[in-house]
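Sequence first, predicted coordinates after that:
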Amino acid sequence: MAAILIIDDEPGIRQSLASILEDEKYRALTAEDAVVGMEILDREKIDMVFLDVLLPKLGGLEALEHIHGSWPQMEVVMISGHANIDMAVRAVKGGAFDFLEKPLSLDKVLTVCRNALAIGKLREENRRLQKNASLAHKELIGDSAAIISIRALVKQAAASDARILITGENGTGKEVVARAIHLRSTRAERPFIEVNCAAIPETLIESELFGHEKGAFTDAVSSRKGRFEIARGGTLFLDEIGDMSLPAQAKVLRVIQEQKMERVGGEKTIETDVRIVAATNKNLEEACAQGRFRQDLYFRLNVIPIHIPPLRERPSDIPLLLCHFLKDMEMETKLEDDALELLASHDWPGNVRELKNLAERIAVMHSDSSISGKALAGLLNRGGRKHTHPPVGGTLPGKTIPQGESLPETLLEQNFSEAKESFEKHYLEFQLSKNNGIISRTAEAIGIYPSNLHAKLKKYGIYSKEGKQ
C-alpha cells in the first residue's frame, strides 16, 4: 500500500484529498504545515507528497527545496488556489512532478497520483538494478561449490521479504551475506541496521530494539527510537541471535507475529515494516532442545536457512580472498606455490576475518613483489598461532602449558563450537575464582557487563561466591 502525504493548511482540502486517496486504497497522512510534514517524512516511509504552495511558517516552494534536499527521490505534486504560470514553472524547475490548481479535479488527482507513483517505482527499480550490477557479489569472493551455491541462494532469497537465518562459525562472513541480501532486495535504498545481540546487556536489549519514551526508566531522559523503527522499510540484521535472552526472544517473536510494537514505557502502537535477517554461530536446534532458545522463534526465523562453511572446508577460496584483500590495499603480491600450500593447510580458526588480518600484516611487513611459504609462515605465526598445530607456551585456567606441550586432546577432538564453549566455561571459572567469586569485580576484570556475565554463568551452571549464577 503506497503512503501519500498531504501538506495543506486548509482542513477541508486535507480531509477531502485524504478521503479520495483512501477510497483508492492508498494510505493517506496529513500535515497542516511543511514543518510538521517534514517531521512525518522523517519517521514514516512516504511514497509521494501533495504540497500546497501557500503555507504558514515555510512556503511550499521553499519546502519543496528542503524535501528534495533531504529526500531527493521523493515525487512531489504542488497544489494551489492562486496559481500562475510563473509559479508553476518555478515549481517544475524546482523538481515538482506536476502542478495542480484548486479546486482539485478527482480524475486529475488520481491520474497524477498513479503516474507519480509509477515513475517513482521505475526510478527505484532502476537504482536497484544499477546497484546490483555494480555490486556483482564482489563481497562474496570464491569459486568453491559452497560460495557458488550461496551466491545463487542470496539472489533468489533477496527477491522476497522472507526471514533468513544465516549460520556459521565466527568470521565466516555472515554479515557480508546479510548485506548482500539487503543490497539485492527492493529495500536496498532503505536502512540496513545491525544489532549485535551478544554485546547488549539483557537489561538494555528491549530499549535498544523497541525504543523508549521519556521517563520510562531512570536513565530515560528523552524519547528514543529503537532499531525496529530506525530500520523502517529496510533490513534489521539480528547478529548473534543465539545469545539473546529468553524474555527478549519472546518480545521479538510478538513483533514478528503482529507486525507492530510499543516503545518501552509507551502506549502508542507503532506499525513495523522491516525484513529480518538473523545470524548465529550456535546450534539453535540444540539450544531449543536445552530450553535456551524458543522453538517458535527459531521456526519463525529459519524460513530460508543459509549456512556458510568455515574457510578450512573451502581451501580454493583462500588465495582468491587473500589476493582480493591485498588488491584492496593496492598490493600486487604474487603467492608462490609453497605459500599456496601453506594457506591450504592452515586451520583458519578466525576464518575470513583472520585471513583479512593476515593480508593487512603482509601489506605492512612484507615489501617484496612475491611471498614464499617461509615468509608467509613467519607472518602467520606473528598472528599468535602456528598453521597446523595448537598454540604452545600459554595458559589454561588453573594450568600453565609448558613450551612443547599441546592443548588437552579432549579439547582438540571437539568441533570448534564445542571447544570454544569448553574453554569459555573453564576461563570463567578461573576468572571467578581469581576474583574471589565476586561477579562485579570479575566482569570488570574481563571487560564485559555484569548482566552478560550472569547470563554466561547461568548457561554453564557456575555459581559465584555471592550464590548467583
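Noted; the coordinates are in hand.

When you work out contacts or count neighbours from here on, use the C-alpha atoms and nothing else.
Will do.

Could you find the closest non-adjacent residue to Val92?
Nearest non-adjacent residue to Val92, counting by C-alpha to C-alpha, 6 or more residues apart in numbering: Asp98, 6.7 Å away.

list the helices and strands the helix or strand containing Val176 packs on?
Taking DSSP states H and E as the criterion, Val176 maps to helix 174-184. Applying 3 or more C-alpha pairs under 8 Å, 6 or more residues apart in numbering; DSSP states H and E, we find helix 174-184 packed against helix 106-135, helix 145-158, strand 164-167, strand 235-239, strand 275-280.

Glu206: what's it in contact with?
Contact analysis of Glu206 by C-alpha atoms under 8 Å, 6 or more residues apart in numbering lists 248, 264.

distance between the helix or strand harbouring it and the chain's centre?
Glu206 is part of helix 202-210, with elements assigned from DSSP H and E. The chain centroid and the centroid of helix 202-210 are separated by 16 Å, computed with C-alpha atoms, centre = their mean, to the nearest Å.

so where is the stretch 51-200 of the chain shaky, pLDDT-wise?
The stretch 51-200 of the chain contains residues with pLDDT under 70 at 83-84, 125-139.

and after the helix holding Glu206, which helix or strand comes next?
Using DSSP H and E, the helix or strand that follows helix 202-210 in sequence is strand 211-212.

quick revisit: quick one, the helix holding Val176 and strand 275-280 angle?
With axes from the mean of the first three to the mean of the last three C-alpha atoms, to 10 degrees defining the directions, helix 174-184 sits at 170 degrees from strand 275-280.

Helix 174-184: which residues count as buried?
Within helix 174-184, the residues scored as buried using 16 or more other C-alpha atoms under 10 Å are 174-175, 177-184.

do stretch 368-380 as well
371-373, 376-377, 379-380.

Kindly reformat these as a markdown table and extend each row with secondary structure, distance to Ala146 and pLDDT.
Formatted as a markdown table, the buried residues of stretch 368-380 follow (DSSP: H, G, I helix; E, B strand; the rest coil; distance: C-alpha to C-alpha, whole Å; pLDDT from 0 to 100):
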| residue | secondary structure | distance to Ala146 | pLDDT |
| --- | --- | --- | --- |
| Ile371 | strand | 28 | 92 |
| Ser372 | coil | 28 | 92 |
| Gly373 | helix | 27 | 90 |
| Leu376 | helix | 26 | 91 |
| Ala377 | helix | 27 | 89 |
| Leu379 | helix | 28 | 88 |
| Leu380 | helix | 25 | 84 |
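
Is it possible to get JSON lines of these that adds distance to Val252?
Shown next, in JSON lines, are these (distance: C-alpha to C-alpha, whole Å):
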{"residue": "Ile371", "distance to Val252": "49"}
{"residue": "Ser372", "distance to Val252": "51"}
{"residue": "Gly373", "distance to Val252": "49"}
{"residue": "Leu376", "distance to Val252": "46"}
{"residue": "Ala377", "distance to Val252": "46"}
{"residue": "Leu379", "distance to Val252": "44"}
{"residue": "Leu380", "distance to Val252": "42"}
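
Looking at those, spot the one nearest Arg14.
Taking C-alpha to C-alpha as the measure, Arg14 lies nearest Leu380 of those, at 67.4 Å.

ok, the closest one touching Leu358?
Yes - using C-alpha atoms under 8 Å, Leu380 makes contact with Leu358 at a distance of 6.8 Å.

Show the contacting residues for Ala339.
371-374, 376.

buried ones in the helix or strand hosting it?
Element membership of Ala339, judged by DSSP H and E, is helix 337-345. Of the residues in helix 337-345, 339-340, 342-344 count as buried by neighbour count, 16+ other C-alpha under 10 Å.

quick check, nearest of those residues to Ser144?
Checking the buried residues of helix 337-345 one by one against Ser144 (C-alpha to C-alpha), the nearest turns out to be Ala344, at 13.2 Å.

Excluding sequence neighbours, find me the nearest residue to the closest one.
The spatial neighbour of Ala344 that comes closest, neighbours along the chain excluded (C-alpha to C-alpha, 6+ apart), is Pro315 at 5.3 Å.

one step back: okay if I get the buried residues of helix 174-184 as JSON lines plus distance to Asp107?
Putting the buried residues of helix 174-184 into JSON lines (distance: C-alpha to C-alpha, whole Å) gives the following:
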{"residue": "Lys174", "distance to Asp107": "50"}
{"residue": "Glu175", "distance to Asp107": "48"}
{"residue": "Val177", "distance to Asp107": "46"}
{"residue": "Ala178", "distance to Asp107": "44"}
{"residue": "Arg179", "distance to Asp107": "42"}
{"residue": "Ala180", "distance to Asp107": "42"}
{"residue": "Ile181", "distance to Asp107": "40"}
{"residue": "His182", "distance to Asp107": "38"}
{"residue": "Leu183", "distance to Asp107": "37"}
{"residue": "Arg184", "distance to Asp107": "36"}
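
Now for those residues: which two are most distant?
Between all members of the buried residues of helix 174-184, the farthest pair (by C-alpha to C-alpha) comes out as Lys174 and Arg184, at 15.7 Å.

circling back to that earlier point, from the buried residues of stretch 368-380, pick the one nearest Asp219.
Distance to Asp219 across the buried residues of stretch 368-380 (C-alpha to C-alpha) is lowest for Leu380, with 46.1 Å.

so who does Ser207 touch?
With contact set as C-alpha under 8 Å, 6+ apart, Ser207 has these partners: 226, 263-264.

from the residues you listed, which is closest to His426?
Using C-alpha to C-alpha, those come closest to His426 at Gly226, 36.0 Å.

How many residues are close by that closest one?
Neighbourhood size, Gly226 [other C-alpha atoms under 10 Å]: 19.

Over to Asp86?
Asp86 is flanked by 8 other residues according to other C-alpha under 10 Å.

Identify each buried residue in stretch 438-453, please.
Within stretch 438-453, judged by 16+ other C-alpha under 10 Å, the buried ones are 438-443, 449-453.

Next, the distance between the ends of it.
For stretch 438-453, the first-to-last residue distance is 11 Å (C-alpha to C-alpha, to the nearest Å).

out of everything not next to it in sequence, what's closest to Ile308?
Leaving aside its chain neighbours, Ile308 sits nearest to Gly168 (5.0 Å; criterion: C-alpha to C-alpha, 6+ apart).

sec struct for Glu194, please.
Of the three states, Glu194 takes strand under DSSP: H, G, I helix; E, B strand; the rest coil.

residue contacts, it?
Contact partners of Glu194, counting by C-alpha under 8 Å, 6+ apart, are 236-239.

Please name the bridge partners of it.
When assigned by DSSP bridges, Glu194 has beta-bridge partners Phe237.

any idea how this structure splits into domains?
Using automatic domain parsing, the domain parsing of the chain gives 3-127, 150-307, 311-382, 394-460.

how much space between Glu75 and Asp47?
Glu75 is 7 Å from Asp47, by C-alpha to C-alpha.

same question for the helix holding Ala339, mean pLDDT?
Averaging pLDDT along helix 337-345 gives 91.

chain center to that helix, what's the gap?
Relative to the centre of its chain, helix 337-345 is centred 34 Å away, using C-alpha atoms, centre = their mean.
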